[in-house]
Every structure is written in structure tokens, then in C-alpha cells.
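> below are the sequence and a predicted model for it; my questions follow.
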Amino acid sequence: MTVRGWRRLGVVLMVGSVCCATAPPGIVEKMQAYNGMVTTASADCKTPASMPMKEIPLHTNLYTMTWIRWDLSVTDAGKHDVAWEFYLNDKLYTVRKDQVQFSVNPGRIHWCQATDNFEVGHYRVDVKIDSRVVDKLDFDVVPQPDRRPMPVPNANPASLMSLLLPPMGS
């Protein structure tokens with residue numbers, strides 16, 4: 001084989017080892033969850049609110065997020081099954097599943113869904129990686145706030161303007 005052929009083989013082996021690396025055994029047990037939160041998100045689920053929330057209104061997007069870190073000597077923790085188990089008053093209500101590639105350390109796992117089919121009540125979500133609970137988050141689904149305008153007594157436009165503007169000549 002020529003030098004050029006050996007170089008190609010080296011590149012193929014190097015790329016092959018990077019693309020197809022499997023997670024070391026026991027990596028899930030060493031994963032640590034931190035800064036988990038429940039919040040709301042934009043209509044397309046791409047932009048979560050930046051603050052954790054304990055109350056999520058009906059007819060909004062519920063966004064659960066957990067940061068995961070693992071042994072720094074392992075650059076790619078591999079692909080794992082992630083599940084979000086939602087409990088309403090400690091009774092399993094719904095389960096959402098996904099397969100996640102843990103290639104960035106720390107990494108973020110999240111799930112976003114509309115609360116349209118949720119009931120009002122207290123929820124807990126257990127976040128699992130390969131069936132191991134890594135985070136538990138609590139929140140309440142509450143009725144949508146009433147957004148009707150507040151009635152204004154004596155809604156005479158002249159009297160309203162007098163409240164907003166200083167008297168003439170002052």
C-alpha cells in the first residue's frame with residue numbers, strides 16, 4: 001500500500017471511530033442533572049421563557065428542560081432513550097419519549113407540548129434516561145387568566161384625559 005493509501009485508511013479509521021463511538025458502560029449512572037425547570041414556550045416551541053414557572057396556564061406550551069453533564073473524559077456519551085413521564089396527582093397521566101444523542105457536555109434535554117389536553121391540577125414530571133430517573137419537576141396547570149379589559153367607571157373621554165394631562169396653565 002502506498003503512503004497515500006495509508007493516509008486514507010487512517011482518515012477512515014479516525015472518522016469511523018468518531019462517528020460510530022459507543023458510550024462507555026455505566027455512563028448513564030454517572031450523568032448528573034442540574035438546573036431543571038418547567039416554563040412556557042413560544043407557539044413553535046423554539047423559544048422557551050427564561051424563568052422557571054410553577055404555574056402553567058392551559059392553552060399554552062409547556063416546556064420542560066434539564067441540563068445533563070457527565071464525566072469530562074468522555075466526549076460523546078452516545079445515544080440514549082429519554083422519557084418524560086407526567087403524573088397528575090401522583091397517577092401516570094402521559095409519557096413522551098425521544099432518542100437523544102449526548103455529544104455536547106453539558107447537554108440540555110427538553111420536551112415541549114401544548115397543555116390543551118391537560119387537566120387543571122398538580123403535576124410531576126420524571127425525566128428518565130435509559131429508564132433511570134435523573135430529574136423530577138413539579139408544576140401546576142391552571143386555568144387561562146381572564147384577559148377581558150377592566151371596566152372603567154365614568155368612562156367619559158374628557159374625564160379620562162383630565163387624569164392623564166396636567167391642568168392648563170400650570
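The structure has been received and is ready for your questions.
> what's the neighbour count on Ser73?
Ser73 has 6 neighbouring residues, counting by other Cβ atoms under 10 Å. Quick note: C-beta positions are derived from backbone N, CA and C, even for glycine.
> check which helix or strand covers it.
Assigned by DSSP states H and E, Ser73 belongs to no helix or strand.
> quickly note the distance from it to Asn105.
10 Å (Cβ to Cβ, to the nearest Å).
> do the same with Lys97
To Asn105, Lys97 is 23 Å away according to Cβ to Cβ.
> give me the more crowded residue out of these two.
Asn105 (15 against 11).
> assumed that one was part of a helix.
No: applying DSSP: H, G, I helix; E, B strand; the rest coil, one finds Asn105 to be coil, outside a helix.
> ok, it touching Arg69?
Yes: at 5.8 Å, Asn105 counts as touching Arg69 under the criterion of Cβ atoms under 8 Å.
> and for those two, which residues touch both?
Residues touching both Asn105 and Arg69 by Cβ atoms under 8 Å, 6 or more residues apart in numbering: none at all.
> list the contacts of Arg69.
Residues near Arg69 by Cβ under 8 Å, 6+ apart: 31-32, 34, 105-107.
> mind giving me the ChimeraX select for those, buried ones only?
Buried members of those, defined by 16 or more other Cβ atoms under 10 Å, are picked up in ChimeraX with:
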select :31,107
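> from the contacts of Arg69, which single one is nearest Asp126?
Each of the contacts of Arg69 was checked against Asp126 using Cβ to Cβ; the closest is Met31, at 14.8 Å.
> right, I'll call it a day here.
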